[in-house]
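Asker: Everything below, folded, please.
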Amino acid sequence: MRTWTVEDWMRVIWTDEASFSIGGARGRIWVTRNAEEEYDEACLVPKFKKLSGLMIWGCFIRSQLGPLVFWDNSAWGRITAASYSSHILPILYDFWYRNSLLPNGQFAPAAFMEDGASSHRARLTTQWRKWYGIQQWKIVWPARSPDLNPIEELWRRMKDRLFQANREGRPRTVDVTKDVIKEIWDQIAVGDELRKLVESMPRVTNRD
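Answerer: Numbering: from 1, shown residues only. Prediction:
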């Protein structure tokens, strides 16, 4: 893909799952403070007991965001080939089909990117895509390659904004956190972040 142009990358639907914590951030958070600010609210990261993180799935192409799906663990269980085929692939198909239709009425199938998760590579999901005419990229995607999928950078930015909203006292429950994530998603839709992420791909793929 070193020879791909920006126009080539604009024909790719980028997809991925991501986990968001109720507190808005994962991992250790470092704070610079004075000695007397140890228990200052601005220097604390709230803890949420018995609240698991939220798993979401999303996609985009060019400067257009696709659907955002909150994974329903209680109803769907963990992400397997069967649950992925039932709850995600039909949504992906609708988005893929709309973005494969050209203005002149011709059909030019858009490529779409999935990572190498077992639920993506399983026989069931492969057969599902084949049945509906979706051609998967014949590329062995590296196991750890966040810079090769611009949606990974999008997740990082969204988590930063969710964390900032948490610091401002907004996300305190699962439902409120979902609302904030939706707001962040919608805000991205009206900007040019997506286009700039795709335009960076030629530089990424040609880097030594």
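
Asker: who's in contact with Ile88?
Answerer: Ile88 makes contacts with 57, 69, as judged by C-beta atoms under 8 Å, 6 or more residues apart in numbering. Quick note: C-beta positions are derived from backbone N, CA and C, even for glycine.

Asker: Please identify the buried residues of stretch 152-168?
Answerer: Residues of stretch 152-168 classed as buried: 152, 154-155, 158-159, 161-163, 165-167 (neighbour count, 16 or more other C-beta atoms under 10 Å).

Asker: Out of these, give me the two with the largest separation.
Answerer: Greatest spacing in the buried residues of stretch 152-168, by C-beta to C-beta: Glu152 and Arg167 (23.2 Å).

Asker: and the strand or helix carrying Asp175, how far out from the chain's middle?
Answerer: Taking DSSP states H and E as the criterion, Asp175 maps to helix 174-189. Offset of helix 174-189 from its chain centre (C-alpha atoms, centre = their mean, to the nearest Å): 13 Å.

Asker: Over to stretch 179-197?
Answerer: Taking C-alpha atoms, centre = their mean, one finds the center of stretch 179-197 at 11 Å from the center of the full chain.

Asker: How far does it stretch from one end to the other?
Answerer: End-to-end distance of stretch 179-197 (C-alpha to C-alpha, to the nearest Å): 25 Å.

Asker: Trp4 falls within a strand, correct?
Answerer: No: read with DSSP: H, G, I helix; E, B strand; the rest coil, Trp4 is coil and lies in no strand.

Asker: for the protein, what are the low-confidence residue spans?
Answerer: Scanning the chain for pLDDT under 70 picks out the ranges 23-29, 45-52, 138-147, 171, 206-208.

Asker: Which stretches in the chain count as strands?
Answerer: For the chain, the strands defined by DSSP state E occupy 12-20, 54-61, 64-70, 111-113.
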